[in-house]
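Peer 1: What follows is a protein structure lacking sequence information:
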């Protein structure tokens, strides 16, 4: 496995980690068995809604957190998305607090639905901090 693919969680949100995720996407897309052609702004129909996939190849998609979690998407939408793209890269996951509870809930739903595929992400917080924050945000009403 190429060195750029040996790590899947990147923090903090900085140029170096963005470059690593770009390497991962480029490497995976170049060997994508479905299609190695890279497309931008692909419109995907999900349960009557349209989601724009900023960058993808045949089975690999790349999103910003806001693309997936700032929109009213459901578990069914995420399952449809992960059914089409077996590998998803999510960039720019922010630190979240109570004011981002809806986004935190959507992110948890997305990650739960992605369990059968591969996921790589870049977050402002480390994985332990992100996990604890999501748990705390979801417990407080």
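Peer 2: Alright, I've got the coordinates. As the structure is a computational prediction, the values presented were derived from the model and not from experiment.

Peer 1: Dead centre of this structure: give me the residue that sits there.
Peer 2: residue 90 (2.8 Å; Cα atoms, centre = their mean).

Peer 1: My guess is it contacts residue 68. True?
Peer 2: Yes - counting by Cβ atoms under 8 Å, residue 90 does reach residue 68; the two are 6.5 Å apart. Placement of C-beta: from N, CA and C, glycine included.

Peer 1: what sits in contact with each of those two?
Peer 2: By Cβ atoms under 8 Å, 6 or more residues apart in numbering, residue 90 and residue 68 have these common neighbours: residue 110.

Peer 1: Can you list the residue ranges for helices in the chain?
Peer 2: Here the chain has its helices, by DSSP state H, at 15-30, 65-69, 75-84, 101-113, 127-139.

Peer 1: Find the residue ranges of the protein scoring beneath the pLDDT cut-off.
Peer 2: Residue ranges of the chain with pLDDT under 70: 1-6, 114-116, 137-138, 140-141.

Peer 1: same thing but at 80, please
Peer 2: 1-8, 113-117, 126-141 (pLDDT under 80).

Peer 1: Ok, which of the helices of the chain comes nearest residue 45?
Peer 2: Shortest distance between residue 45 and the helices of the chain, using Cβ to Cβ, is found for helix 75-84: 8.7 Å.

Peer 1: neighbouring contacts of the closest one?
Peer 2: 44, 46-47, 49, 51, 59, 61, 68, 88, 109-110, 112-114, 116-117.

Peer 1: Give me the distance between residue 22 and residue 16.
Peer 2: 11 Å (Cβ to Cβ, to the nearest Å).

Peer 1: And for residue 54?
Peer 2: 21 Å.

Peer 1: what's the answer for residue 63, then?
Peer 2: Where residue 16 is concerned, residue 63 sits at a distance of 20 Å (Cβ to Cβ).

Peer 1: now swap in residue 83 and tell me
Peer 2: 32 Å.

Peer 1: These two: who's more crowded?
Peer 2: residue 83 (11 against 8; other Cβ atoms under 10 Å).

Peer 1: OK, contacts around residue 119?
Peer 2: Residue 119 sits next to 8, 87-90, 111 when contact means Cβ under 8 Å, 6+ apart.
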